[in-house]
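[1] Based on what follows, work out the 3D shape:
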Amino acid sequence: MKGYTAYLTFNTKKRRELIRITEQVKKVVEESGVKEGLCLVSSMHLTASVIVQDDEEGLHEDIWEWLERLAPFREDYKHHRTGEDNADAHLKNLLTHLQVVLPVTNGRLDLGPWQEIFYAEFEGQRTKRVIVKVIGV
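    Numbers count the residues shown, from 1 in each chain. This next block holds a predicted model:
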């Protein structure tokens with residue numbers, strides 16, 4: 001069994017961004033030398049997520065609207081008593097999940113025809129990291 005770890009770093013310009021990271025993850029899988037296995041892609045922050053979705057702008061707008069409807073920014077969250085202002089970002093993370101696990105087949109990331117990997121940032125404007133861990137044979 002082999003294991004390989006890489007880190008992706010992002011400096012988002014906005015508080016909320018959706019960044020397509022498919023090519024970076026594919027490169028990590030190729031570098032790993034794993035032929036058959038799994039690839040974990042995980043945000044290292046509780047105010048961001050990694051999702052697999054279609055790369056279509058209208059859908060991206062729908063996702064942001066849906067998240068804002070379910071976990072809107074509000075000033076009265078109890079978490080804000082700590083001096084933070086990011087409770088909605090934590091809740092959005094719960095809805096979209098911290099990480100994804102994807103198959104590796106014949107040394108390549110095995111995605112469906114419309115599947116792309118995105119880093120979803122809910123509280124940006126600072127440096128953030130994603131860990132990519134590939135395990136297998």
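[2] what are the ranges of the strands in this protein?
    Along the chain, the segments classed as strands by DSSP state E run 2-11, 17-20, 37-43, 48-53, 99-105, 108-109, 116-121, 127-136.
[3] Deepest-packed of these, please.
    Mean neighbours per residue, mean count of other CB atoms under 10 Å, is largest over those for strand 116-121, with a mean of 23. For glycine as for every other residue, the C-beta is placed from the backbone atoms N, C-alpha and C.
[4] which regions of the protein sit below the pLDDT cut-off?
    The model of the chain has no residue with pLDDT under 70.
[5] Pick out the residue nearest the middle of it.
    The residue lying closest to the centre of the chain (CA atoms, centre = their mean) is Val50, at 1.7 Å.
[6] Name all residues that make contact with that one.
    By CB atoms under 8 Å, 6 or more residues apart in numbering, the contact set of Val50 is 21, 41-43, 97-100, 117-120, 130.
[7] picking up where we left off before, dump the strands of the chain into CSV; add distance to Arg74 as well.
    Listed next are the strands of the chain as CSV, based on distance: least, CB to CB, whole Å:
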stretch, distance to Arg74
strand 2-11, 26
strand 17-20, 21
strand 37-43, 23
strand 48-53, 19
strand 99-105, 26
strand 108-109, 38
strand 116-121, 19
strand 127-136, 23
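[8] Let me know which of the ones you listed is the nearest to Thr82.
    Thr82 lies closest, by CB to CB, to one member of the strands of the chain: strand 48-53, at 18.8 Å.
[9] CA atoms only: put that closest one into CSV for me.
    Provided in CSV are the C-alpha atoms of strand 48-53 (Å, rounded to 0.1, in the frame of the first residue of the first chain):
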residue,chain,number,x,y,z
ALA,A,48,-14.9,26.0,3.7
SER,A,49,-15.8,22.8,1.9
VAL,A,50,-14.7,20.5,-1.0
ILE,A,51,-17.6,19.5,-3.3
VAL,A,52,-18.0,17.6,-6.6
GLN,A,53,-20.4,19.3,-8.9
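[10] which residues touch stretch 66-79?
    Stretch 66-79 is contacted from outside by 85-88, 90-92, 94-96, 122, using CB under 8 Å, 6+ apart.
[11] Good, wrapping up.
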